[in-house]
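Asker: Task: produce atomic coordinates for the following.
(one chain, ligands or ions: 1)
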Amino acid sequence: AELFAANQKLGAHAKKLSEQIVETRAEVQTVRDENQRVKSDLSIAHKKIEIAERRLWLSIESINDGFAFFNPDSQMIIANKAYLWAFDGLEEVTAGVSYITLLQLMTEEGIVDLNGQAPAAWRAMMLERWQSAAPEPVTIRLWNGEYVKLIDQRGHGGDVVSLALNITETVRYQRDLKEARDNAESAARAKSAFLANMSHEIRTPMNGVVGMADLLMDTALDEEQALFAKTIKNSGEALLVIINDVLDFSKLDAEKMVLHHKPFDFDGAIHEVVMLLHSALDGKDVQIIVDYDLFLPTEFLGDVGRLRQVLTNLIGNAVKFTSEGHVLVRVVGSHDPHSRQTELHVTVEDTGIGIPPDKLEHVFGEFNQVDDAQSRSYEGTGLGLAISQRLIKMMGGDIWVESEVGVGSSFGFKVCLETQNAINPATLKAMVGKALLLEPCEAIAGLTEKQLGKLGLEVVRCATVPEALEQLGADVTLIMADEGFVGHDLVGALEELHYQGRVILLSPHLGGQAQAESTVDVQQLQKPISRHALLEKLARPRPEAESATSTAPAPEPDTDPQSGLPEPPRKMRVLAAEDNKTNQLVFRKMVKALDIDLAFAGNGREALELYSSFAPDLVFMDISMPEMDGKEATRAIRALEAQTGAHVPIYALTAHAMEGDKEEIMAAGMDQYLTKPLRKAEIYAAIGGHQPENVVQVISDDAAA
Ligand code: ADP
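Answerer: Alright, predicted model coming up:
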């Protein structure tokens with residue numbers, strides 16, 4: 001039993017042992033298996049790396065750009081075919097070759113086009129670059145004209161990855177681009193030159209057409225003929241407007257427009273524009289009123305020509321689209337005395353047809369007009385506002401419109417200009433007393449009342465002459481009245497009453513018949529009233545009783561040193577230098593109605609002679625003339641004047657309308673600039689504006705009308 005028990009115990013132990021052996025064997029098998037798997041995984045990974053490496057290299061080999069790898073000793077370890085291609089199978093170029101050797105080979109074998117540079121200098125430059133911590137990319141040109149950009153990247157351990165990019169296409173493309181741009185630029189220059197010539201060529205004959213049609217209208221014509229002549233003139237003028245608009249627009253479009261800043265009088269510029277637009281009122285019951293804030297400076301630095309153009313467009317449109325009521329030009333602003341900047345707000349308000357809300361933004365577009373082409377009843381190109389908008393934007397300003405159909409429109413713009421001359425407080429010294437106002441137009445009366453009120457006067461409006469006479473007392477220091485409205489009744493009555501104050505008669509045109517000798521201080525002021533003119537009239541000392549006998553409205557004083565002497569009046573002398581016979585004729589006929597002495601010069605030399613022998617008060621000078629041109633003649637006149645201190649106003653007459661001309665002409669010493677075809681109103685304004693004192697009144701009432 002003992003043995004049996006021991007045997008059983010032994011058996012159990014043996015069983016346990018054999019179980020353990022099985023377990024161990026299984027474990028060994030597992031470990032073996034794992035080992036096997038790891039081994040095969042490793043070899044797969046190895047293969048994968050090999051594949052990846054091969055693929056990478058294949059890719060590097062297949063690219064067109066060169067690739068090479070250098071060790072920290074600048075020895076090439078590996079390079080792709082594209083890189084080696086440049087060295088065209090040279091034996092030395094293989095793994096282990098140094099960068100210096102490569103540079104050597106490149107110069108010696110003529111691989112690189114040195115473009116005249118010394119090989120040693122080039123190598124030194126390239127080596128210095130190579131050795132820098134972060135080499136800048138460099139472009140080299142190969143013998144075959146291809147361009148290669150070298151980009152070298154230095155790694156942490158000092159290895160260098162080198163890329164050689166073939167940028168021949170890009171370089172070629174850039175060259176083509178530059179060539180194309182040069183071509184385009186020269187084409188643009190040719191276009192502007194063409195436009196300049198075209199404008200010149202078209203304007204010159206148009207001068208004849210418009211001028212002659214104008215003269216024809218002054219002759220005895222029957223109704224039908226008069227209509228024909230008028231149509232010729234209007235069509236000619238419309239054509240000129242179109243030419244100018246298209247020229248300006250293409251200039252703005254090509255960004256060729258340049259602004260010329262110089263000091264100017266804004267109030268004066270507005271009145272010039274208004275005066276030239278007067279003829280457009282033609283029988284319409286429309287008043288143009290200018291309300292220039294009395295306390296705002298008027299002298300600024302800016303491009304007066306372009307501002308005038310914007311004003312002409314806005315005021316011209318307002319007049320065109322208004323058949324009755326008024327066009328009110330209002331200028332307000334804020335002047336900062338420290339920065340000397342004035343922000344000007346100009347609005348042009350009319351009582352015309354208005355613009356529907358959905359068309360409001362549209363009007364500033366190119367060739368955009370509110371009514372469509374079929375139903376057009378107003379002339380125009382639809383470019384005016386587009387040009388104005390661009391010009392104002394160029395000046396750093398803004399332009400806008402508000403409108404109500406059937407009520408009217410209000411166009412406004414804002415610009416910031418440098419102030420030249422802040423208002424002189426002396427000209428604004430307070431006035432005392434009462435002013436009587438006889439003005440039938442409500443808008444003008446309202447404005448005048450406001451202005452006189454600002455100057456300190458108490459204003460009483462009177463509807464009739466008897467009503468005014470009733471108001472008359474010792475406190476009345478000023479009577480302002482519309483000349484056409486009160487006629488000569490007023491002055492006569494005032495004489496009888498021995499009125500001692502001032503009388504200012506408002507009249508729509510320049511000059512006017514000299515007042516019959518009067519004991520009353522009567523002055524004349526042109527409508528619309530310019531602030532400058534008003535202040536000047538009010539600032540004038542009241543004449544003494546004896547000298548108050550002659551109160552003809554005196555024009556602007558001139559520089560004639562003799563004007564102070566009491567001489568019998570002579571005629572104003574005007575010299576016109578113009579070689580073209582047709583233009584001479586046009587000019588002669590245009591000024592036919594004026595009481596002046598007119599002399600013609602056929603070229604600059606004659607103009608110079610006549611300057612001395614004829615002593616003109618005003619010169620009109622054509623620019624292109626044979627023998628001696630207008631600029632040369634003007635320079636010669638100015639040189640003579642430098643010795644005497646005199647200064648005769650010279651107006652340039654020219655058909656050129658392109659940028660640059662004007663400056664050149666002004667640089668020759670001209671004062672003003674008129675483009676052909678000449679307009680009667682401009683000529684009248686020039687002559688009227690320079691009429692010296694003590695000459696026969698140049699413009700009679702009939703002529704002005
Ligand atoms: P144009 O007057 O030559 O047609 P603009 O660009 O000056 O060209 O004006 C574009 C259009 O805007 C005009 O044709 C007209 O329809 C409208 N417009 C401009 N000003 C006024 C205005 N004051 N009143 C009514 N419509 C106007």
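Asker: neighbours of residue 625, just the number please.
Answerer: Using other CB atoms under 10 Å, residue 625 is surrounded by 23 other residues. Heads up, the C-betas are built off the backbone N, CA and C, glycines and all.
Asker: which helix is the longest one in this structure?
Answerer: helix 2-62 (DSSP state H).
Asker: Quick check: mean pLDDT of it?
Answerer: Averaged across helix 2-62, the pLDDT comes to 92.
Asker: and if you look at stretch 320-330?
Answerer: Mean predicted confidence for stretch 320-330 is 93.
Asker: Please identify the buried residues of that stretch?
Answerer: Using 16 or more other CB atoms under 10 Å as the test for burial, stretch 320-330 gives 320, 321, 322, 325, 326, 327, 328, 329, 330.
Asker: Pull the distance from it to the chain's centre.
Answerer: Stretch 320-330 sits 26 Å away from the centroid of its parent chain (CA atoms, centre = their mean, to the nearest Å).
Asker: Can I get that stretch as CSV, trimmed to CA atoms?
Answerer: Only the C-alpha atoms of stretch 320-330 are listed here, as CSV (Å, rounded to 0.1, in the frame of the first residue of the first chain):
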residue,chain,number,x,y,z
LYS,A,320,-30.0,122.2,-69.7
PHE,A,321,-32.5,120.2,-67.7
THR,A,322,-34.3,123.3,-66.2
SER,A,323,-36.9,125.3,-68.2
GLU,A,324,-38.0,127.6,-65.4
GLY,A,325,-37.0,128.6,-61.9
HIS,A,326,-33.4,128.9,-60.8
VAL,A,327,-30.0,127.2,-60.7
LEU,A,328,-28.3,127.9,-57.4
VAL,A,329,-24.6,127.4,-57.0
ARG,A,330,-23.8,127.3,-53.3
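Asker: Show me what that stretch is in contact with.
Answerer: Residues outside stretch 320-330 that contact it (CB atoms under 8 Å, 6 or more residues apart in numbering) are 270, 274, 280, 284-292, 311, 315, 318-319, 346-353, 378-380, 408-409, 441, 443, 528.
Asker: near the ligand, which of those residues show up?
Answerer: Restricting the contacts of stretch 320-330 to those touching the ligand (CB under 6 Å from any ligand atom) yields 318, 350, 352, 353, 380, 409.
Asker: Sitting in strands, which of those do you find?
Answerer: Judged by DSSP state E, these include 350, 409 as members of strands.
Asker: and the ones next to the ligand among the contacts of stretch 320-330 as CSV, adding distance to residue 614 and neighbour count?
Answerer: Listed next are those as CSV, based on distance: CB to CB, whole Å; neighbours: other CB atoms under 10 Å:
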residue, distance to residue 614, neighbour count
318, 43, 25
350, 46, 27
352, 48, 23
353, 51, 20
380, 43, 19
409, 50, 24
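Asker: Give the next helix or strand downstream of the host helix or strand of residue 506.
Answerer: Using DSSP states H and E, residue 506 maps to strand 502-507. Next helix or strand after strand 502-507 toward the C-terminus (DSSP H and E): strand 521-526.
Asker: who touches the following helix or strand past that next one?
Answerer: Later in the chain than strand 521-526, the nearest helix or strand by DSSP H and E is helix 531-539. With contacts defined as CB under 8 Å, 6+ apart, helix 531-539 is touched by 265, 267-268, 290, 292, 294, 298, 427-428, 431, 451, 455, 478, 502, 504, 523, 525-526.
Asker: which other helices and strands contact the longest helix of the chain?
Answerer: Using 3 or more CB pairs under 8 Å, 6 or more residues apart in numbering; DSSP states H and E as the contact criterion, no helix or strand is in contact with helix 2-62.
Asker: just the angle between the next helix-or-strand element following it and helix 2-62, please?
Answerer: Going down the chain from helix 2-62, the next helix or strand is strand 66-70, by DSSP H and E. Angle between the axes of strand 66-70 and helix 2-62 is 120 degrees (criterion: axes from the mean of the first three to the mean of the last three CA atoms, to 10 degrees).
Asker: Might you report the residue contacts of residue 662?
Answerer: Contacts for residue 662 (CB under 8 Å, 6+ apart) come out as 260, 305, 673.
Asker: Near the second one, how many residues? Count them for me, please.
Answerer: For residue 305, the neighbour count with other CB under 10 Å is 14.
Asker: Checking my notes, it in a helix, right?
Answerer: Yes - counting by DSSP: H, G, I helix; E, B strand; the rest coil, residue 305 falls inside a helix.
Asker: Could you double-check that it lies in contact with residue 260?
Answerer: Yes - between residue 305 and residue 260 there is a contact under CB atoms under 8 Å: 7.2 Å.
Asker: So which residues on the stretch 401-550 of the chain come close to the ligand?
Answerer: residue 409.
Asker: what about residue 445, how many residues close to it?
Answerer: 17.
Asker: Oh, that last question was meant for residue 573, not what I typed.
Answerer: Count around residue 573 with other CB under 10 Å applied: 19.
Asker: What about the buried residues of stretch 320-330, which are in strands?
Answerer: 325, 326, 327, 328, 329, 330.
Asker: got those residues as CSV, with distance to residue 244 columns?
Answerer: Below are these laid out as CSV (distance: CB to CB, whole Å):
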residue, distance to residue 244
325, 29
326, 27
327, 22
328, 26
329, 22
330, 27
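Asker: and the ligand, which of those reach it?
Answerer: Of those, not one also sits near the ligand (CB under 6 Å from any ligand atom).
Asker: Nearest to the ligand among the residues you listed?
Answerer: residue 327 (8.5 Å; CB to the nearest ligand atom).
Asker: Distance of the closest one relative to residue 370?
Answerer: 18 Å (CB to CB, to the nearest Å).
Asker: again with residue 460
Answerer: Where residue 370 is concerned, residue 460 sits at a distance of 43 Å (CB to CB).
Asker: More neighbours: these two, which one.
Answerer: Between residue 460 and residue 370, counted using other CB under 10 Å, the more crowded position is residue 370 (20 against 14).
Asker: Quick check: chain neighbours aside, which residue is closest to the more buried one?
Answerer: Computed as CB to CB, 6 or more residues apart in numbering, the closest residue to residue 370 that is not its neighbour in sequence is residue 359, at 4.8 Å.
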